[in-house]
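> build me a model from this:
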Amino acid sequence: MAKSNNLIGFLNFLSFLLSLPIIGGGIWLSSRASSTDCMKFLQWPLILIGIAVMVVSLAGIAGACYRNTFLMYVYLWAMFFVIAALVFFVIFAYSSTERGSGRPVMNRVYLDYSLQDYSGWLADRVSSPVYWAKISDCIRASHVCRNLHRYVGGFPESPELFYLRKLTPIESGCCKPPTSCGYTYMNETFWISGGGLTGTDPDCAQWSNEQHQLCYSCGSCKAGVLASLKKSWRRVSVINVIILIVLVLVYVVALAAVRHNKQLDDPHGETRMQKARPSRLF
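This next block holds a predicted model:
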């Protein structure tokens, strides 16, 4: 029994350590929500799941150290629900970011983004006027477009150099007009039409050279935010899938160890049950 308790304690210590990257992933998403992705939603459920894993693991360690059967059963049930919540989180993150990606542009390294390529709950939430007002204010406050400027010899970089840049989704979607509009590059955030709009994209009419406006009202900007969120959520989800697999293995081994302890505490119980149960063969 002592060996089983030691094994359970070790497994709970391992799950306690696994809670740290879960919480770290939530904190990383929170930092990006404040400065890059500007979408404050998914980090808090992830942080709460990580804290729950930590607390439940501590309960399991205490139950193993003090041989408290009640705490061990509380640990098993609580860990079951925590694993279920983490499974739901992973499925939700992947399903919400399943659709949409950047569009390759001829003679450009960067990609263009269109809101038409995205659909589902997350796209509807980002596109809603209430949430988009907060998101666009966050993007302005992050000065992402202002930081896009580069100078060569005291002058803005040439179009040829700009077209070779690998822009982030938000930089591409919010700081410049869509390439299909046919605007002429003057600098990173100043483009001229040269005699009228040439594109049919509704975002062409939304573009403004006013630095506080730019393409913050464009569908391409919303698509850029969605693409950035997809990248962030997928990175965290990959880590969570690995952690989830390890947690399930830890849970199965801990469950087997608890059942083994129960059999040791009541060595004759199973025998009595077998004798009392009618035989199926005779």
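> tell me who's in contact with the residue nearest the centre of the chain.
By CA atoms, centre = their mean, the chain has its centre lying nearest to Trp233, at 2.3 Å. Trp233 is in contact with Leu29, Leu42, Ala93, Ser96, Thr97, counting by CB atoms under 8 Å, 6 or more residues apart in numbering. No exception for glycine: its C-beta is placed from N, CA and C like everyone else's.
> which SSE is it in?
Trp233 is located in helix 219-265, with elements delineated by DSSP states H and E.
> pLDDT of stretch 148-168, averaged?
Stretch 148-168 shows a mean pLDDT of 89.
> ok, and what's touching it?
Under CB under 8 Å, 6+ apart, the answer for stretch 148-168 is 107-111, 144, 171, 175, 185-189, 224, 228.
> most neighbours, which of those residues?
Gly224 (29 neighbours; other CB atoms under 10 Å).
> spit out the contact partners of it.
By CB under 8 Å, 6+ apart, the neighbours of Gly224 are Tyr113, Thr168, Pro169, Ile170, Glu171, Ser172, Gly173, Cys174.
> now the buried members of these.
Tyr113, Thr168, Pro169, Ile170, Glu171, Ser172, Gly173, Cys174 (16 or more other CB atoms under 10 Å).
> nearest to Ala133, of those residues?
Of all these, Ala133 sits closest to Cys174, with 14.3 Å by CB to CB.
> any regions of the stretch 101-250 of the chain where pLDDT drops low?
Along the stretch 101-250 of the chain, segments meeting pLDDT under 70 span 194-199.
> which residue sits closest to Ala59 in space, ignoring its chain neighbours?
Nearest non-adjacent residue to Ala59, counting by CB to CB, 6 or more residues apart in numbering: Tyr75, 5.0 Å away.
> quick check, the one you found in contact with Gly63.
Yes: taking contacts as CB atoms under 8 Å, Tyr75 lies within contact range of Gly63: 5.7 Å.
> cheers, nothing more for now.
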